[in-house]
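>>> this one's sequence-less:
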């Protein structure tokens, strides 16, 4: 479904991604792991069109999307939930969800809204509440819900559990699994390597902008180097 081939992406003179190649098959959850500054967020932003790669190519459903504007990539069926949630704090919950629907057909709005409310009932209860007054966990639910309003086939999630208490993080991971079971493919960046690998079909480990390891979630969970570096075992 998604294929990155030999992608190089830079910030000015600093190369953040160094020839990475990644594949995500339809229906999978694939995670990107690595320390801060390894290039995980840069990879997602390159797929989303927010950053332009210096070289290499990006294919979505066998069509090159390299160089497309971000809103056109959303129209293709890819949507990103950014690190830090980035909701509109002065908008209501419903208004935030409406902003996520700007590329989807009008006839799908109510269907998508009900889908979001079934995943996150608390958002329905608080649909007229200002988003900035929600808890951190509720804001993360809203950020995911806003992305789902665009009817994506591929969802890019950047650190969905960041800053959340373990119980709330667990609820978010459970919801990610539910979304995947509904048929949405997921590329996940996550600080909690243990939880991410248990959730994912496959994973890639980035180090200094290059891919160091890749394999199934189960294989990476039992990789001794990965255990020492990222799992604290």
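On my side now, so go ahead. Just so it is clear, the model here is predicted, and its values are computed rather than measured. Residues are numbered from 1 along each chain as shown.

>>> distance from stretch 61-80 to the middle of the chain?
Centroid separation for stretch 61-80 versus its chain: 14 Å, with C-alpha atoms, centre = their mean, to the nearest Å.

>>> what does it contact?
Defining contact as C-beta atoms under 8 Å, 6 or more residues apart in numbering, one finds that stretch 61-80 is touched by 1-2, 44-45, 47-50, 52-53, 56-60, 100, 103, 147-148, 150-158. Every C-beta, even on glycine, is put in place using the N, C-alpha and C of the backbone.

>>> can you tell me the centre-most residue of this structure?
residue 157 (1.5 Å; C-alpha atoms, centre = their mean).

>>> quick one on the thing from earlier: just the contacts of stretch 61-80: which are in helices?
44-45, 47-48, 100, 147-148 (DSSP state H).

>>> please enumerate the strands of the chain.
Counting by DSSP state E, the chain has strands at residues 2-11, 14-24, 29-33, 55-60, 63-64, 78-81, 154-158, 185-189, 202-207, 210-216.

>>> could you dump the ones you listed to TSV with distance to residue 167?
What follows is the strands of the chain, written out as TSV (distance: least, C-beta to C-beta, whole Å):
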stretch	distance to residue 167
strand 2-11	32
strand 14-24	29
strand 29-33	21
strand 55-60	35
strand 63-64	41
strand 78-81	20
strand 154-158	19
strand 185-189	20
strand 202-207	24
strand 210-216	28
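
>>> could I get those as TSV with mean pLDDT?
As requested, the strands of the chain are exported to TSV (pLDDT from 0 to 100):
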stretch	mean pLDDT
strand 2-11	97
strand 14-24	97
strand 29-33	97
strand 55-60	98
strand 63-64	97
strand 78-81	96
strand 154-158	97
strand 185-189	98
strand 202-207	95
strand 210-216	95
